[in-house]
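next comes the sequence, and after it the predicted model I'd like to discuss.
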Amino acid sequence: MSVRIEHLVTAGTFALDGGVWDVENNVWIVGDDTEAIVIDAAHDATAIEAALGGRTLRAIVCTHAHNDHIDAAPALAEATGAPILLHPDDLPLWRQTHPDRAPDGELADGQTLTVGGVELTVLHTPGHAPGAVCLHAPALSTVFTGDTLFHGGPGATGRSFSDFPTIIDSIRDRLLTLPPVTQVRTGHGDATTVGDEAPQLAEWIRRGH
């Protein structure tokens, strides 16, 4: 029963600072035939539960608390009994979407989550949001980056709770130090690799100033 990565795309809206945008989100399911974790329960709890296929859901991990990454988390938690985990620095963002329902547990830098015998290490990578995290699974040669790093550059930093120099520091110090072959599985859009993104760091910094 080897651990595998499954990918679901869900559609909805992202809302912040008075604006609303249509978006498609990547939902990642990591697990074996009996148990799994979900990374970013976006938009459609029913579709995510169906993709689990009856497996035990060990945790709903939030890479950050923008509404499009957490809007389906409470419904999925209610349906499965799984705890919602979020870095506490993102609680102010969480409360904008779910003022009456707190997460069930906290994520911390260096914390490890285990599913199917595979460890995922939490990397605190602020910048896109204060409590943004990535999940590094060395055994799967993968890092799940949420909206911190995309194919082609950093996540957006033009809205509340975000900061460009901070996200650059996070990417340079926490992500580009991973093995170049590491697959970067993102919160939106196509995957990439650390090796493909690393040479562009100087250009990102130039464009950001």
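Arrived safely. Residues are numbered from 1 along each chain as shown.

from here on, contacts and neighbour counts on C-alpha atoms
Noted.

for this structure, give me the ranges with low pLDDT.
Flagging of the chain using pLDDT under 70 yields the residue ranges 1, 208-209.

would you map the strands across it?
Along the chain, counting by DSSP state E, strands occupy 4-16, 19-31, 35-39, 56-61, 84-86, 105-106, 112-115, 118-124, 133-137, 142-146, 149-150, 153-154, 183-186, 192-193.

name the helices or strands packed onto the fifth one?
Think strand 84-86. Packing contacts for strand 84-86, counted by 3 or more CA pairs under 8 Å, 6 or more residues apart in numbering; DSSP states H and E, involve strand 56-61, helix 73-80, strand 105-106.

give me that answer again for 7 Å
Secondary-structure packing of strand 84-86 (3 or more CA pairs under 7 Å, 6 or more residues apart in numbering; DSSP states H and E): strand 56-61, strand 105-106.

thinking again about what came up before, which one of the strands of the chain lies closest to residue 69?
Across these, residue 69 has its closest neighbour in strand 19-31 (7.4 Å, CA to CA).

so the closest one versus strand 118-124, what angle?
Orientation check (axes from the mean of the first three to the mean of the last three CA atoms, to 10 degrees): strand 19-31 against strand 118-124 gives 150 degrees.

and among the helices and strands packed on strand 84-86, the most buried is which?
Comparing those by mean neighbour count (mean count of other CA atoms under 10 Å), strand 56-61 ranks first with a mean of 23.

can you list the strands that that one pairs with?
strand 35-39 (parallel), strand 84-86 (parallel) (DSSP bridges).

just put those in TSV and tack on distance to residue 26 and mean neighbour count.
TSV is the format used below for the strands paired with strand 56-61 (distance: least, CA to CA, whole Å; neighbours: other CA atoms under 10 Å):
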stretch	distance to residue 26	mean neighbour count
strand 35-39	9	24
strand 84-86	17	24
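
closest one to residue 153 among those?
strand 35-39 (20.7 Å).

go ahead and name everything in contact with that closest one.
Applying CA atoms under 7 Å, 6 or more residues apart in numbering, the external contacts of strand 35-39 come out as 27-31, 55-62, 115-116.
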